[in-house]
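K.L.:
can't give you the sequence, but here's the structure:
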């Protein structure tokens, strides 16, 4: 009786100990997975905060709707001139390599000047200044960015020349105005961006760089807020689609530090 | 790696890029003695980095919450406010230091992580959530909130003293985050400390000290001599609370220091106010600049440059705008350039005044109407 009882009790204790050990191990594994998932979420949130204001990131992360609002922003459009033609003569892999290098260089310059690349559009990009946080100096920041982007293209061209590749040319258009900022898209694909007439005008001003044969053009709305040390040259007004009146633009030619 | 270590890694701040410290520690016996006497016999590890700017060294050493005279805000909420603001400003130092305090006060890692992940969805009581959401909003200042931002705090049941404390604490944490981050004070020791297993053992003592510090605070009328001076309208908003004399002293010591001229300090404040979109603080800074007829303030604030600026101001003015919204590594690299141009004492006073301006503008925007 005593021997069987002791053996039974020992077996029960051993069984409980094994069960406890398994439960503890499973709980620890679960905790590790939770910690890891939380970490991944944190990193995703941190990464996403480069593309949208932190309030928007928080709302998206917690499944709450992100409100749209009107903001005074400076919009910069940049586009490579003649890149499509260049693409016809290059191997696809090389073309993508050149384009990715260009995008990387432009992104760095834009963020160095307190802007955010909102989207890449083929061989072009749209950058925003003052969209993620209020920025009273957004016009000058965008103009500095434009000059630095052109300098970065020159630097990239020097690297391309050593590989026997043709140089890139880029046109930049800048406009400042009120736009609607918000998260736009479907459940599968969303982006924080700005929409409105001001955005359309900035895109069309970029197209005017080809007509005027200048690398950087800006509108009077940008010019009005610009540091006077920027060197600009007024150009004749041009009709622009969607605008009732011809639009006067200014060629940005440098900065007299 | 321990689970706790993993948790710290998972939080993401350890991955925040942080430049090597740009300051040399310079122990000054008199400052060390003062601080040791004021905060209970120990010397914070960061103190010697700030001694070339004595007011900043002293004030910053009094920053830990046990030295802030609050009585209406629960001690744990005081630390949670610090955590949220530090996380929002990516201040690795303050974040790790606050985790140490929260763990010592008995808060579990899971609870801390829930707040860090999302205040809005974490399992908090409604008043705590309202306070943390307010602090995050004020710290972010995107855009700068106005007095109406206090309504959710009132609705959550906070009284006038608690609201003033929450506003002050948020402001002072905004200050502390910048004072640590801008010169890239080393974070390794404090991050290691936040992972110590024995923190749980000091819990009873920590709880005792914090509650004792909390209870000894009593409402204090603002002395007549403290009702005027820079940002007097904001100090008066703390009338009757011991934070009023403390805030007046902080501003007064910063303004009396002669490392930078008064005009440069007012300019720094004006630039921060403009960057934050705070007209009341900009008006106050312009009032302080009024005596300086040589300065073209409008041009400086429009373009962050003017022929009327001194060489040092030409380096300082464009830098301080970046102290409002920043990423640590970027502002630390910019800070290093300014340090090389103006020297250690002037650099420290620049970051001290810019950090103070960031705090004052935010506090003033919600709490005080100078009109």
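P.N.:
Sure, I can see it. Since the structure is predicted, the reported quantities are computational estimates derived from the model, not experimental observations.
K.L.:
Can you say which helix or strand has the nearest residue to residue A:68 once chain neighbours are set aside in it?
P.N.:
In this structure, residue A:68 finds its nearest non-sequential neighbour in residue A:182, 2.9 Å apart by CB to CB, 6 or more residues apart in numbering or on different chains. For the C-beta atoms, the positions are set from N, CA and C on the backbone; glycine is no exception. Per DSSP states H and E, residue A:182 falls inside strand A:170-185.
K.L.:
For that strand, enumerate the helices and strands it packs against.
P.N.:
strand A:69-80, helix A:138-162, strand A:190-195, helix A:197-212, strand A:216-219, helix A:220-223 (3 or more CB pairs under 8 Å, 6 or more residues apart in numbering or on different chains; DSSP states H and E).
K.L.:
how far away is the residue in the stretch 151-300 of chain B that chain A sits nearest to from residue B:296?
P.N.:
Distances between the stretch 151-300 of chain B and chain A by CB to the nearest CB are smallest at residue B:277, namely 5.2 Å. According to CB to CB, to the nearest Å, residue B:277 and residue B:296 sit 21 Å apart.
K.L.:
So, low pLDDT: which residues of chain A?
P.N.:
For chain A, the stretches flagged by pLDDT under 70 are A:1, A:34-51, A:62.
K.L.:
quick one, what contacts the residue of the stretch 201-350 of chain B found nearest chain A?
P.N.:
Residue nearest to chain A within the stretch 201-350 of chain B: residue B:303 (4.1 Å; CB to the nearest CB). The contact partners of residue B:303, by CB atoms under 8 Å, 6 or more residues apart in numbering or on different chains, come to A:137, A:140, A:227, A:228, A:229.
K.L.:
Is it correct that the residue nearest to residue A:68 is in contact with residue A:66?
P.N.:
Yes - assessed by CB atoms under 8 Å, residue A:182 is found in contact with residue A:66 at 6.7 Å.
K.L.:
what do those two both touch?
P.N.:
Here residue A:182 and residue A:66 share the contacting residues residue A:192, scored by CB under 8 Å, 6+ apart.
K.L.:
who's residue A:217 bridged to?
P.N.:
Taking DSSP bridges, one obtains residue A:173, residue A:251 as the residues bridged to residue A:217.
K.L.:
Show me where the stretch 1-150 of chain B has its helices.
P.N.:
Secondary structure of the stretch 1-150 of chain B (DSSP state H, counting those that start in this stretch): helices located at B:3-10, B:29-38, B:47-50, B:54-61, B:75-88, B:92-104, B:109-117, B:126-140.
K.L.:
pretty sure the residue of the stretch 151-300 of chain B closest to chain A contacts residue B:145?
P.N.:
No - the criterion here is CB under 8 Å, and residue B:277 misses it with residue B:145 at 10.7 Å.
K.L.:
For the closest residue to residue B:214 other than its chain neighbours, the count of nearby residues, please.
P.N.:
Nearest non-adjacent residue to residue B:214, counting by CB to CB, 6+ apart: residue B:75, 5.5 Å away. Neighbourhood size, residue B:75 [other CB atoms under 10 Å in any protein chain shown]: 19.
K.L.:
go on, residue A:124?
P.N.:
Residues lying near residue A:124 (other CB under 10 Å) number 19.
K.L.:
What of residue B:69?
P.N.:
Counted with other CB under 10 Å, residue B:69 comes out at 18.
K.L.:
for the one 3 residues further on, same thing?
P.N.:
The burial count assigned to residue B:72 is 17, neighbours taken as other CB under 10 Å.
K.L.:
contacting residues for it?
P.N.:
If you count contacts by CB under 8 Å, 6+ apart, residue B:72 has them with B:158, B:159, B:161, B:162, B:165.
K.L.:
and residue A:127, what are its phi and psi?
P.N.:
Geometry field for residue A:127 lists phi and psi as phi -120, psi 150, criterion degrees, to the nearest 10.
K.L.:
Okay, and the beta partners of it?
P.N.:
Applying DSSP bridges, one finds that residue A:127 bridges with residue A:76, residue A:117.
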